[in-house]
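I'll drop the sequence and a predicted model, then ask my questions.
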Amino acid sequence: MFRLSQFMREVLHPTPLKAARKPAAPVVIWNLIRRCNLTCKHCYTTSADINFPGELSTEAIYNVMDDLKAYKVPVLILSGGEPLLHPDIFKISQRAKDMDFYVALSSNGTLITEKNIQKIAAINYQYVGVSLDGIGKTHDDFRQQQGSFDASVHGIQLCREQGIKAGIRFTLTQDNVHDFPAMLDFMDSKNIDKFYLSHLNYGGRGNKNRKQDA
C-alpha cells in the first residue's frame with residue numbers, strides 16, 4: 001500500500017535528511033471478521049453478508065491483543081470483512097485504546113451512519129480509512145451494490161464533522177484507472193487527510209479478477 005498523499009507532500013515540501021533511524025515497529029492489520037455487507041469484485045477474503053465459521057471469540061481477540069502488546073506492536077488497524085459488523089467492535093476498540101495502541105478503523109464506510117457516529121467518535125480512533133475505488137457508478141460496480149459510493153462518502157463526511165481524521169484507500173485496476181484523476185480531485189475538494197494507493201491482492205475474488213490488474 002502506497003501513501004500517495006504523503007508522497008505528494010514530500011514532493012512539494014521535502015523533509016530534510018536526518019540521521020538513520022531504527023526500523024519502524026510493525027503495523028498489524030487485523031481482519032477481525034470475514035463477514036461484510038458488500039461483495040467487492042477485488043475482495044481478497046471472498047467476504048459476503050453471511051456468518052463464517054472459525055471466527056475468533058472476543059475473549060480470544062483480547063488474548064491476541066495481550067500478545068501483540070507484549071511484542072511491542074504499536075499500531076492496530078481493525079479491518080475485515082467489515083469490522084463494524086462485529087458485535088463487539090466498540091468494546092474491542094476501547095480495550096485497544098486503553099492498552100495504548102494506536103487504533104485505526106478500516107471500513108467500507110457504508111455502515112458509518114447517524115446511528116453509530118457518536119460511538120465511533122467516542123472511541124477516538126486515530127484514523128478511519130474508507131475504501132473508495134472510483135467515482136459514482138465505477139465504485140458501485142466494484143462493490144456490486146448501487147448507492148454504495150454515496151453511502152461511503154456520507155460516512156466520510158460524518159467522520160469529518162466529528163473531527164475524526166479520515167482517509168481513502170483506492171485499489172488501482174484496469175476497471176477504475178480512468179477515475180484516478182477524478183479521485184485526486186475528490187480528495188482535494190473534500191479536504192481528505194490521507195490517500196492510499198493499493199495494488200490488487202491476488203487472493204479471493206481478487207485472484208479471479210487478476211487479469212484486470214493495472
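Right, received. Where do you want to start?

where does pLDDT dip in the chain?
Filtered on pLDDT under 70, the chain yields the residue ranges 1-13, 15, 17-21.

how does it look with 90?
In the predicted model of the chain, residues 1-26, 191, 193, 199, 201, 204-214 satisfy pLDDT under 90.

now the strands for it?
2-3, 27-33, 75-80, 102-107, 127-131, 166-171, 194-198 (DSSP state E).

quick one: which of these is nearest Ile50?
Ranking these by proximity to Ile50 (C-beta to C-beta) places strand 27-33 first, at 11.3 Å. C-beta coordinates here come from the backbone N, C-alpha and C atoms, glycine included.

direction included, what does the closest one pair against?
Applying DSSP bridges, strand 27-33 is found paired with strand 75-80 (parallel).

okay, the angle between the strand it pairs with and strand 102-107?
Strand 75-80 and strand 102-107 are oriented at 20 degrees to each other (axes from the mean of the first three to the mean of the last three C-alpha atoms, to 10 degrees).

who's in contact with the residue positioned nearest the centre of the chain?
Geometric centre of the chain, nearest residue: Ser106, 2.7 Å, by C-alpha atoms, centre = their mean. Ser106 makes contacts with 29, 77-80, 83, 129, 131, 169, as judged by C-beta atoms under 8 Å, 6 or more residues apart in numbering.

again, but for Phe52
Phe52 neighbours (C-beta under 8 Å, 6+ apart): 34-35.

next one: Gln94 from Thr113, what distance?
Distance, Gln94 to Thr113, by C-beta to C-beta, to the nearest Å: 20 Å.
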